[in-house]
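# Please find the sequence and the predicted model below.
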Amino acid sequence: MPIFALITILPCLLVGPAAFAGGAWAFWPVIYMTLLVTMTDRVIGANTDNADPEAEFPASEALLVGLGLAHFCVLGMAIWGVAGPSGLDLAERVALGAGAGLIFGQISHPVAHELIHKQTPMMRWLGQWMYTTLLAGHHASAHLLIHHIHVGSDKDPNSAPRGENLYRYMARVTRQSFLTAMTLETQRSIRAEKPIIRHPFILYIVGGLATLIAVFMALGGIGVLAFLSIALHAQIQILMSDYVQHYGLRRARLANGRLEPVGPLHSWNAPDAFSSFLMVNAPRHSDHHVSPNRDYPALQLDPEEMPMLPYPLPIMGVIALVPKLWFGLMNPLCDAWTSDRADLGKSRPKERKVGRKISGQAQAHLAKSIHAQNVTSSFTAGSHTQRRSRARDGR
C-alpha cells in the first residue's frame, strides 16, 4: 500500500505550489504525469506479481477516501491557479491546467471508479460527486448498469468495435451512455417507487450546475472557461481509457444464442508497474471485470490468459489519438488474439469452464453493487509476442 500512496499523492501535492508559487512549480504536475511516468515505466518495466486474491487491504479504502477528498481541493486550486489572481503567466497557467487535467483523468477517475463499486453508501456517494464535479456524473451509473453487464457486446456503448476510431467513439459514447443510463435509472426509480429527488441524475445534473455556478461566482466567466477546459480534458481521458481497454474484443455467441459470460479475454491489460500504481491498478482490467469486488491491490494479472497491450496504458492513449497508427498497431493484435483464443477454446476447454464460474461471481457482485448503488503487421505481431514474453518474465 505505501507504493500506491506515494505515487498517487505526490502529483496531487504538486498542484498546491504550482498554483500558488508558479514558476518552475507550475510545470511539475504535467512533467510528473507525462515524462516521469513514461520514463519510470520504461526503467522499472513490468510487474506481474500477484497478491493473494482473497487477501483484505483495509488501508486501500482509506487511500481511496483520502484521494477522493483531495480531488476537490486539487480541483479548486487548479481552477484558481489557471483563472484567478495567481500571478502565473500564460505558459504557467496552461501547464497547470494540463497537469491538473491529467491528474483528474488518471488518478481521480480510477479512484472514483473504485469508490462507486464499494458497498458503503458514503463511498459510492463520494465517487459520484467526484465524477459530478468533472461534469461526468452519468458515468457512475453507466459504468455499473451498462458497461459491466454488457461489456464486449454491441449493447455496451463503451466497448469499441474493431475499426472505430477514437473521435467517432467519443462522440457516440457521450450521448449513448448518458441517455441509456438515465433511462435505466428512471426505470429503477419507478420500480422502487423512489421520490424523484433520489434519482441519481438529479445529483449529476444539479451537482454539475452547482459546480459551474460556484466557479462563476468565485472567478467569473474566465473561471468557468478554465473549469470547462479542465473537465473536458479529464472526460476525454475517461473515454479514452475505456476505448483502449476494450477495443476490438467481443464476447462470442454460444450455440444457444446467448453471449458467453464475461471473462479475462474481454479486456486489454498493461503490466507496467509505475503507471499501474498511479492508476490504482486500473490497467489490470480483465480481473476487475471478472471480480469487481476485489480490492485493487489484489487484482490479478496473467499474461498467458489475458490480452496484453504492447505499451503502457497512457502511451496507448496517445497512440489512439492518431487513428491510422492505432489501427495499424491494434487491429493485427485483435486478429491475433482472436486466433489465439479460438485455439484456446479448442485445446483447453477446462479453462473456459473456470471462466464461466468466475463470471458468475462477477455478476453476483454487480447485482449487489447496482442494487446498493501502426506500425506494420509484421512488426505488430513481433511486438505482441515480445510484450507477452516480457510481461511473463516480469521484465
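Good, I have the coordinates.
# Could you tell me whether P11 really is in a helix?
Yes - applying DSSP: H, G, I helix; E, B strand; the rest coil, one finds P11 inside a helix.
# What is the neighbour count of it?
25 (other C-beta atoms under 10 Å). Glycine gets a C-beta too; all of them are placed from N, C-alpha and C.
# you'd agree it is up against P29?
Yes - using C-beta atoms under 8 Å, P11 is in contact with P29, at 5.7 Å.
# which residues do the two both contact?
Shared contacts of P11 and P29, defined by C-beta atoms under 8 Å, 6 or more residues apart in numbering, are found at G99, I103.
# So what touches stretch 113-130?
Residues from elsewhere that reach stretch 113-130 (C-beta under 8 Å, 6+ apart): 61, 64-65, 68-69, 71-72, 108, 111-112, 131, 137, 140, 143-144, 200, 203-204, 207, 280, 282, 292-293, 296, 368-369, 372-373.
# okay, how far is it across that stretch, tip to tip?
By C-alpha to C-alpha, to the nearest Å, the extent of stretch 113-130 from end to end equals 9 Å.
# so T186 is in which element?
Per DSSP states H and E: T186 is located in helix 166-192.
# Any regions of the stretch 251-395 of the chain where pLDDT drops low?
Scanning the stretch 251-395 of the chain for pLDDT under 70 picks out the ranges 340-395.
# All the strands of the stretch 251-395 of the chain, in order from the start?
Under the criterion DSSP state E, counting those that start in this stretch, the stretch 251-395 of the chain carries no strands.
# For it, just list every one of the helices.
All helices of the stretch 251-395 of the chain, identified by DSSP state H, counting those that start in this stretch, fall at 273-278, 285-290, 313-320, 323-347, 349-372, 377-393.
# Over to the stretch 1-150 of the chain?
2-20, 28-31, 37-44, 58-83, 90-103, 109-116, 121-132, 138-142, 148-150.
# Relative to V215, which of the ones you listed is closest?
Closest to V215 of the helices of the stretch 1-150 of the chain is helix 58-83 (C-beta to C-beta; 6.1 Å).
# What degree of burial does the nearest residue to P297 once chain neighbours are set aside show, as a neighbour count?
Nearest residue to P297 in three dimensions, chain neighbours excluded: F57, at 4.8 Å (C-beta to C-beta, 6 or more residues apart in numbering). Neighbour count for F57, taken as other C-beta under 10 Å: 17.
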